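Peer 1: Have a look at this prediction, sequence included:
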Amino acid sequence: MIRTIHKTKIEYGDFQTPLELAEKVCQKLVELGVSPDVILEPTCGVGNFIEAAGLWFKSTNKIIGVDINSYYLQELEKKPIFQDERVEIREGNFFDFDWSSLITSLDGKILILGNFPWVTNSQQGTIGGINLPQKTNFQKYNGFDAIAGKSNFDISEWMLIQVVHWLQNRDANLAMLCKTSVARKLLSYLHSKKLNISNFATYKIDAKKYFNATVEACLLFGKFGSNSPKYFCDVFSSFEDTNYYRIGYRNSILVRDIDCFDKLNKLYAPSAGLKWRSGIKHDCSDVMEFRKSGNSFINGLGEIVEIEDTYVFPLIKGSDVAQNRIKTTERYVLVTQRFVGEPTEQIKDLAPKTWKYLESHAKYLDNRKSKIYQNNPRFSIFGVGAYTFTPWKIAICGLYKKLDFRLVGKTNNKPAVFDDTVYFLSFDEEEATLRTFELLTSIFAMNFYSSLIFWDEKRPIKSSILNSLNLTALVNMTELERD
């Protein structure tokens, strides 16, 4: 029974907004000058936003709540706010409710208020949930991006997109609690579709305090009705804070801090020559990775492995890079190719013990789930090329929320290689490595990268951001500073 309740809470993104937070949201909206004729909460749950809206918006003519859960609506009907003649409650599923007819029937200024489900479509699939829109790759990812998971999306993102379409050409406001990442995705959608938005802001909330959720979250506020769309977002650290920074578009990319980026925009040049690579992807650590104990290799299955060292290289994981454990390592990885797509049958002749080991563990390697291994040589890996085997590298882990670049040389007389959470530049000469490292750790480079990185993302540091730095322009800027 408990398991069923837990599944239901996940499926419906069941984070009921505490009344305290609902009232804080409504108070902030009043401070912002929001004065709606009609308030609509499309997923009202037990009605805490309905109750708060009734208290804070005395001049509003109608407050409408809709929810799929009949039990919650019964609880709402027990509250004193239900006796307010302005309140109207309807049972309905967001994904098949006739919103068009309802929105068209509403007169005056509209406020869409509430808290959509904090759940992704892949989480729904994991639990067998059905409370989601028709399964489509709605952001139109294709090829490797779709295979690698970029087609996964937050259900609230899809729902918010429907709402902004409702509010086009209406005098309306949107106020919705959501993940901070979802708010940015909505801004990106508005920009890509050139939809109307005249004001867009986020106010950070304490998701741990109010929802026991470890995620960056905010109140998203949007104003509609202007014919001059503005595709930027003012980011406030709290409801009370009056200071903000502005995210927005430059060079058709979303920038975290427009003011900082504009001061350093001469450094932006995505095709300027830097080529950050990601580490090796093999998707089978139990077989492909080893720990060295004495003269023996031990794989993730606990087996002592006897293979040649021809294809074995010292492995530095992302956590090692982040924590500066780069001088020595007991980890090793089997690198079966020198470049992507290279035939692997030659291992049989060059390192027969290694080939025998791979064949004996084929049941693991041949059953790797990712489609990228299909139609490629047996025992293939990805993220490998000539750059993998250079003696010098500058590395950074994409998962950590800090710009910590590391100088990495050979380990145990072999080139060190990285897992696929690491990005790196490769060099043949130490002198060039040192000079580039000095430039990358300069205040100009740090500020430039920081203006582009959204630190709340799962992998905040991306190769596209790292590659956008014009190293030649950076050299000129640092030389001018010295003069």
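Peer 2: Cool, the structure landed.
Peer 1: Sketch out the low-pLDDT regions of the stretch 251-400 of the chain for me.
Peer 2: Counting by pLDDT under 70, the stretch 251-400 of the chain contains no low-confidence range.
Peer 1: what number of residues lie near residue 415?
Peer 2: Neighbouring residues of residue 415 were enumerated by other Cβ atoms under 10 Å; the total is 19. In this view, the C-beta of every residue, glycine as well, is placed from N, C-alpha and C.
Peer 1: My understanding was that it contacts residue 387; is that so?
Peer 2: No: the criterion here is Cβ atoms under 8 Å, and residue 415 misses it with residue 387 at 9.8 Å.
Peer 1: how deep is the closest residue to residue 434 other than its chain neighbours tucked in, by neighbour count?
Peer 2: Distances taken as Cβ to Cβ, 6 or more residues apart in numbering put residue 407 closest to residue 434, at 7.4 Å, once the chain neighbours are dropped. The burial count assigned to residue 407 is 16, neighbours taken as other Cβ under 10 Å.
Peer 1: Is residue 407 bridged to anything, and to what?
Peer 2: Bridge pairing for residue 407 (DSSP bridges) gives the partners residue 394.
Peer 1: Contacts only, for it.
Peer 2: 326, 392, 393, 394, 433, 434, 437 (Cβ atoms under 8 Å, 6 or more residues apart in numbering).
Peer 1: So what does the first one have for phi and psi?
Peer 2: Residue 326 has phi and psi values of phi -120, psi 0 when expressed as degrees, to the nearest 10.
Peer 1: you'd agree residue 304 is up against residue 295?
Peer 2: No: at 10.4 Å, residue 304 does not count as touching residue 295 under the criterion of Cβ under 8 Å.
Peer 1: Between the two, which is the more surrounded one?
Peer 2: Counted by other Cβ under 10 Å, residue 304 and residue 295 do not tie: residue 304 has more neighbours, with 10 against 5.
Peer 1: now the more buried one, nearest residue through space, not along the chain?
Peer 2: Nearest-residue entry for residue 304: residue 296, 5.2 Å, with adjacent residues in sequence omitted and distances by Cβ to Cβ, 6+ apart.
Peer 1: So residue 34 versus residue 76, what's the distance?
Peer 2: Residue 34 sits 23 Å away from residue 76, going by Cβ to Cβ, to the nearest Å.
Peer 1: more neighbours, those two?
Peer 2: Under the neighbour definition other Cβ under 10 Å, residue 34 and residue 76 were set side by side, and residue 76 has more, 22 against 19.
Peer 1: which residue sits farthest out from the middle of this structure?
Peer 2: Of all residues in the chain, the one whose C-alpha sits farthest from the chain's mean C-alpha position, using Cα atoms, centre = their mean, is residue 349 at 44.0 Å.
Peer 1: That one falls within a helix, correct?
Peer 2: Yes: the assignment for residue 349 (DSSP: H, G, I helix; E, B strand; the rest coil) places it in a helix.
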